[in-house]
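K.L.:
Here is a sequence together with a model predicted from it:
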Amino acid sequence: MKDIFVLAEHRKGQIRDITFEMLTKGEELAENTNTHLTAILLGKDVKKYAKTLSKYAEKVLLIEDVKFENFNSETYQKTLSELINKKKPLVTFIGHTSYGLDLAPSLATELNLPLATDCIDVKFNGETLVVTRQMYGGKVNVKATIRKSKSYIITVRQATFTAKKPTMNGEIIEIASPLSEETSKKRFIKYLLPSSGDIDITAADILVSIGRGIKDVNNKPIVEELAKTLGGVLACSRPIVDKGWLSSDRQVGTSGKTVKPKLYFAIGISGAFQHILGMKNSDLIIAINKDPNAPIFNFANYGVVDDLFKIVPALKEKIIELKSVRTQS
Amino acid sequence: MDIIICIKHVPETAEAEIKIDSSGKAIEKTGLVFDINEWDDYVLEEAVRIKEKFGGTVTAITVNTEEANRTLRKCLARGADKAIRLTDAKFEGSDGYAIAKILHSVIKDLPFDLVLTGVLASDDGYTMVGSILAELLGISHSTMVKKIEFVNGVARVNRELEGGLEEIVEVKLPAVLTIQTGINEPRYVSIMGIRKAMKKEIKVLSLADTGLCESEVGEAGSWLKVEELFIPPVEKHAEFFRGTPEGIAAKIAELLKSRGLI
């Protein structure tokens, strides 16, 4: 019987969440297609991860090699292409992460297997594998069918599925590493930790966050004043850091910080999922954006569809007014 | 150093309202402004900076209709030396895999040390073209690159991981690197650059020039076939404040006060 492969992702001593999220989807697919949910674990001294994964899958295929000490798409590709060629899993799930997107496209090309990337849903419709993905920064969903094949590769968006519960008692199967002595064309050197800036946005109760909608760095003070009036801290989405308008320690999202303030103002932020993942658990979210269909409004508690340059100054005045009334009374 | 950059001419949608067209398989393009893909803006700048430092050439390649000339001219104006446009009605419906095959058919015969692409394109977001291209060319790749240095024929790159973490990886040249936004500060186009660019030729190639057959490109040569576009279903929608700016401001202020936030 065929397998559903889920490639376990781990870094710096931890199995990453995406692994358990993929196992959720993998289990559903395995049940529907009468296949075995199988976790694939590559690493150095990772038997304890295999033990953990065995609670989430029917089988764990464990391949240990000193060359897996740090992620390298070349050693992973070599190993996985042999394994997939041999076992012909129905589907191989890989995280749509910095590791997965370094690996999956070249792996699929080498194996001549169809790949669908960054999927938010996957299911068989009869014999056809149908995926849902997003386009245009999350403003549009697309349903696509994958070219018919005996085996498919899917990369899965992070935080799309709920992490699986440990309900299984799978078998751990050790496989010898197929890697030879030959050196890889690619070499891991070291990690660079994020620089600790002057400000810790994760500690702030009130964050006033700016995005592309502020248009020009000269407009930054308008929002900065609102933040100051509220006693909050200025944060931002990725484009603001890319442009050099704020330092990276102010960035909210998958490549920045995850925050959970009492109040999160999203100003001129459309809400690409990378940003959403960093702020969706805030207690109160208020978004100001001129596009009524901006994804941010699907996560905000309150929204304003208007020109931020009109709303923000008016809001600042109103808050000053309220504060002064309170001081007087 | 000879550098090939793969670029895409895309609609700017980050700040625009999007509607799905009557086919249900594409968005309504009228009224949208098209420009160089955001990631490719950084690709272009990085390539030109490397050329300025080490010499060599920059060749910009795109698979698109004649519309994309505007983006190719921008590349030429900002420092690219040559531009190639691959245009054929048969290319329509190509996914990232088919696009990579089309690009490969041309790049394999060009001299190069480095191929740069964006991590992804803002329209269909496949995040695959660069590393497929590397595999087809039989060379190494690295993705999500935020910094490039060259040491003894090796590219030493910083890759962006999650949560602000980066890793440094060394990749042997020639290689394909996919560039992440924020790697540099793209320059503005100079008047002189525009003048120079106007004189340069844009080489146009069709399916016949690629040596590929019809079944290898377009929908037939793709892994994915778009069936339907739809606006993402909403689970929980924001409650909207409406009215004049002052009225809206008053409502928000009241809300904040009621929550003890003022």
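P.N.:
Good, I have the coordinates.

K.L.:
any chance you could map the helices in the stretch 51-200 of chain B?
P.N.:
Applying DSSP state H, counting those that start in this stretch to the stretch 51-200 of chain B gives helices spanning B:69-77, B:96-107, B:129-137, B:191-199.

K.L.:
want to throw the ones you listed into CSV with mean neighbour count, distance to chain A and mean pLDDT?
P.N.:
Glycine gets a C-beta too; all of them are placed from N, C-alpha and C. CSV is the format used below for the helices of the stretch 51-200 of chain B (neighbours: other C-beta atoms under 10 Å in any protein chain shown; distance: least, C-beta to the nearest C-beta, whole Å; pLDDT from 0 to 100):
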stretch, mean neighbour count, distance to chain A, mean pLDDT
helix B:69-77, 22, 18, 97
helix B:96-107, 24, 7, 98
helix B:129-137, 26, 4, 98
helix B:191-199, 12, 21, 91
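
K.L.:
Which among those helices is found nearest to residue A:298?
P.N.:
helix B:96-107 (26.8 Å; C-beta to C-beta).

K.L.:
Identify the residues contacting that closest one?
P.N.:
Helix B:96-107 is contacted from outside by A:105, A:108-109, A:114-115, A:117, B:4, B:6, B:61, B:63, B:84, B:86, B:91, B:94, B:115, B:124, B:126-129, B:132-133, B:136-137, B:205, B:209-212, B:216-218, B:221-224, using C-beta atoms under 8 Å, 6 or more residues apart in numbering or on different chains.

K.L.:
CA atoms of that helix as CSV?
P.N.:
The C-alpha coordinates for helix B:96-107 follow below in CSV (Å, rounded to 0.1, in the frame of the first residue of the first chain):
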residue,chain,number,x,y,z
GLY,B,96,6.1,28.3,-13.0
TYR,B,97,7.4,25.0,-14.3
ALA,B,98,6.6,25.8,-18.0
ILE,B,99,8.0,29.3,-17.6
ALA,B,100,11.3,27.8,-16.1
LYS,B,101,11.5,25.5,-19.1
ILE,B,102,11.1,28.4,-21.6
LEU,B,103,13.7,30.5,-19.7
HIS,B,104,16.0,27.5,-19.7
SER,B,105,15.8,27.0,-23.4
VAL,B,106,17.4,30.4,-23.9
ILE,B,107,19.7,30.7,-20.9
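
K.L.:
from the chain's centre, how far out does it sit?
P.N.:
Distance, stretch centre to chain centre, for helix B:96-107: 14 Å (C-alpha atoms, centre = their mean, to the nearest Å).

K.L.:
Spit out the contact partners of residue A:297.
P.N.:
Here residue A:297 is in contact with A:271, A:287, A:289, A:303, A:305, B:237-238, B:240 (C-beta under 8 Å, 6+ apart).

K.L.:
hmm, try it at 10 Å
P.N.:
A:266, A:270-271, A:285, A:287, A:289, A:291, A:303-305, B:234, B:236-240 (C-beta atoms under 10 Å, 6 or more residues apart in numbering or on different chains).

K.L.:
Same check on residue B:35?
P.N.:
Residue B:35 touches B:9-12, B:41, B:70-71, B:74, B:122, counting by C-beta under 10 Å, 6+ apart.

K.L.:
if we can go back for a sec, of the contacts of helix B:96-107, buried ones?
P.N.:
A:105, A:108-109, A:114-115, A:117, B:4, B:6, B:61, B:63, B:84, B:86, B:91, B:94, B:115, B:124, B:126-129, B:132-133, B:136-137, B:205, B:210, B:212, B:216-218, B:221-224 (16 or more other C-beta atoms under 10 Å in any protein chain shown).

K.L.:
which SS state does residue A:278 fall under?
P.N.:
helix (DSSP: H, G, I helix; E, B strand; the rest coil).

K.L.:
Would you check that it makes contact with residue A:251?
P.N.:
Yes - between residue A:278 and residue A:251 there is a contact at 8.1 Å, judged by C-beta atoms under 10 Å.

K.L.:
Could you name every residue contacting both of those two?
P.N.:
By C-beta under 10 Å, 6+ apart, the residues touching both residue A:278 and residue A:251 are A:201, A:209, A:235, A:237-238, A:257.

K.L.:
quick one, phi/psi of residue A:159?
P.N.:
phi 60, psi 30 (degrees, to the nearest 10).

K.L.:
Report the separation between it and residue A:181.
P.N.:
Distance, residue A:159 to residue A:181, using C-beta to C-beta, to the nearest Å: 39 Å.

K.L.:
higher neighbour count, those two?
P.N.:
The neighbour comparison of residue A:159 against residue A:181 (other C-beta atoms under 10 Å in any protein chain shown) goes to residue A:159, with 15 against 5.

K.L.:
Show me where the stretch 51-200 of chain A has its helices.
P.N.:
Secondary structure of the stretch 51-200 of chain A (DSSP H, counting those that start in this stretch): helices at A:73-87, A:100-111.

K.L.:
Spit out the contact partners of residue B:192.
P.N.:
Contacts of residue B:192 by C-beta under 10 Å, 6+ apart are residue B:77.

K.L.:
Tell me which helix or strand the closest residue to residue B:186 other than its chain neighbours sits in.
P.N.:
Distances taken as C-beta to C-beta, 6 or more residues apart in numbering or on different chains put residue B:45 closest to residue B:186, at 4.2 Å, once the chain neighbours are dropped. Element membership for residue B:45 (DSSP states H and E) is helix B:38-54.

K.L.:
That helix: how far from the chain's middle?
P.N.:
For helix B:38-54, the distance to the chain centre is 13 Å (C-alpha atoms, centre = their mean).

K.L.:
That one - what's its average pLDDT?
P.N.:
Mean per-residue pLDDT for helix B:38-54: 98.

K.L.:
With stretch B:203-217 instead?
P.N.:
98.

K.L.:
what distance separates the start and the end of that stretch?
P.N.:
Start-to-end span of stretch B:203-217 (C-alpha to C-alpha, to the nearest Å) is 20 Å.

K.L.:
List the buried residues of the helix holding residue B:45.
P.N.:
Per 16+ other C-beta under 10 Å, helix B:38-54 contains these buried residues: B:38-48, B:50-51.

K.L.:
and if you look at stretch A:174-186?
P.N.:
Those would be A:177, A:179, A:184-186, for stretch A:174-186 by 16+ other C-beta under 10 Å.

K.L.:
just checking, what packs against the helix or strand of chain A with the lowest mean pLDDT?
P.N.:
For chain A, counting by mean pLDDT, DSSP states H and E, helix A:308-328 ranks last in confidence among helices and strands (a mean of 90). Applying 3 or more C-beta pairs under 10 Å, 6 or more residues apart in numbering or on different chains; DSSP states H and E, one finds that helix A:308-328 contacts strand A:206-210, helix A:220-230, strand A:263-267, strand A:284-289, strand A:302-305, helix B:245-258.
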